[in-house]
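In: Return atomic coordinates for the entry below.
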Amino acid sequence: MCKKVLIAALAVLAAVAVVKWTWVGSHARLAAKQAREWVKSQVKIETDIQRLRNDVERLDQDDRIALDLVARQRLDVKSAEDKLNKDRTDLTRLNKRITELRAALKGPEAEVQQVSYNGASYTRAAAEEQVNTDFERYKPLKGSVSAQEKGLVALRKTLSQNEQKLFSGKQRRQELLTQLQELENEMLELRQDQSASAAVLDDSGYGKVKRDIEVLKQRLAVEKEKLKIKGTLGGGPIEQAEADRTRKEAREKELEQEFGQGRAPVLNK
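Out: Numbering: from 1, shown residues only. From the prediction side, this is the model:
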């Protein structure tokens, strides 16, 4: 069973290698590329513009998700700031009490069993115990404050980057929409020019019909003239002479109507 599976796998790999590296594979890839380009060329420009508008709208939805993230990060930063401020206050309070109690314990009356602190009197043992307790709280709190400060810097940096990305998103989307609008305007102008061009072609059709009518008129005139010629053939010399005279008189009449009666020029003696 394993042997059959291995043979089948090797056959598949061999087929893939043939398609990928041989003459057949080269032509197959070329055909696939041409098919993709043909399909792409069949898509109307208006459709592609609408598709890109939809992509911009999807970017707007992505920015809404980023808006939720930024809002949460702002709250996280605010919470971190509040905690850090509280811990800093506690650290300052501990530092102050430890410093003052130690100063009182080491004062001129160091051997006295009573220690004065903050307007009250405490036993020396109580003061020393308070110093030790405060110091045990002070050490980890100081480390925590240092870590919180570094963490807050990182939080603020991330928040600033996301805010900048979010606020620039609207401007970037508007720029994309403006470019798409410009493309759409150019597309409308192109369609108008194409319509005007089609109208010009239609006008040329009218011109063709007019030329065909003139050709028919010429053919009709030729047929009429041929009929006149046939009517004069075989009519005898007198009949032909009368027909010629009639034509000449008609031609002379046309000339007189167009140019008036002509007079012979007077020669100077």
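
In: next structured bit after the top helix by length along the chain?
Out: Scanning the chain for the helix with the most residues, using DSSP state H, yields helix 124-232. Later in the chain than helix 124-232, the nearest helix or strand by DSSP states H and E is helix 237-259.

In: Now Arg74: which helix or strand?
Out: Per DSSP H and E: helix 45-105 holds Arg74.

In: Quickly list the domain ranges of the protein.
Out: The chain resolves into domains spanning 52-193, 208-254 when parsed by automatic domain parsing.

In: so which of those comes closest to Gly260?
Out: domain 208-254 (12.0 Å; Cβ to Cβ). Quick note: C-beta positions are derived from backbone N, CA and C, even for glycine.

In: Kindly provide the distance from the residue nearest to Asn162 when sequence neighbours are not counted to Leu59.
Out: Nearest residue to Asn162 in three dimensions, chain neighbours excluded: Val70, at 5.0 Å (Cβ to Cβ, 6 or more residues apart in numbering). Distance of Val70 to Leu59, computed by Cβ to Cβ, to the nearest Å: 16 Å.

In: ok, the two, which is more surrounded?
Out: Legend: neighbour count by other Cβ atoms under 10 Å for Val70 and Leu59, higher for Val70 (18 against 14).

In: Quick check: mean pLDDT of the longest helix of the chain?
Out: Mean per-residue pLDDT for helix 124-232: 82.

In: now for it, which elements pack on it?
Out: Counting contacts by 3 or more Cβ pairs under 8 Å, 6 or more residues apart in numbering; DSSP states H and E, helix 124-232 is packed against helix 45-105, strand 114-117, helix 237-259.

In: what does the shortest one contact?
Out: The contact list for strand 114-117 (Cβ atoms under 8 Å, 6 or more residues apart in numbering) reads Arg97, Glu100, Leu101, Ala104, Leu105, Ser121, Tyr122, Thr123, Arg124, Ala126, Ala127.
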